[in-house]
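Need a 3D model of the following:
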Amino acid sequence: MTDILDIAVMAGFVMVFIAVGLAVLRLAVGPTLPDRVVALDMMTLAIVAFCALAAIRTGEAAFLDVALVLALVGFLATVALARFAERQKLRGQNGEDE
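Residues are numbered from 1 along each chain as shown. Sure, this is the predicted structure:
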């Protein structure tokens with residue numbers, strides 16, 4: 001008989017795969033840039049969760065280091081994309097005023 005932790009970790013992996021699949025769908029469908037930015041942020045979060053689950057499953061602490069670095073890079077990418085979206089919006093407003 002399997003341990004409850006093994007069942008919970010496997011269920012977590014399934015949920016993470018579903019979350020990544022739905023985020024990829026939102027990334028492809030869009031329809032707006034903010035939708036795509038949120039989808040990328042969701043994918044980053046799901047991959048961080050995958051790394052945490054892998055650390056629990058294997059007992060390797062290195063996966064937690066990878067998750068931490070990925071979370072930091074994902075945060076910076078989200079901030080950069082949000083700034084880009086804001087600049088695009090401002091350019092659109094300035095172009096309409098002229």
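
Could you report the neighbour count for Leu53?
Neighbour count for Leu53, taken as other Cβ atoms under 10 Å: 20. Every residue, glycine included, has its C-beta placed from N, CA and C.

doesn't Asp6 make contact with it?
No - counting by Cβ atoms under 8 Å, Leu53 stays clear of Asp6, with 11.3 Å between them.

shaky segments in this structure?
For the chain, the stretches with pLDDT under 70 are 1-2, 95-98.

Would you indicate which residues of the longest helix along it are buried?
Identified as the longest helix of the chain according to DSSP state H is helix 62-97. If you call a residue buried by 16 or more other Cβ atoms under 10 Å, then helix 62-97 has these buried ones: Phe63, Val66, Ala67, Leu70, Ala71, Gly74, Thr78, Leu81.

Check stretch 20-36 too.
So stretch 20-36, judged by 16+ other Cβ under 10 Å, has buried residues Val20, Ala23, Arg26, Leu27, Arg36.

Helix, strand, or coil at the nearest residue to Val73 once chain neighbours are set aside?
Closest residue to Val73 apart from its sequence neighbours, by Cβ to Cβ, 6 or more residues apart in numbering: Thr44 at 7.8 Å. With DSSP: H, G, I helix; E, B strand; the rest coil as the basis, Thr44 sits in helix.
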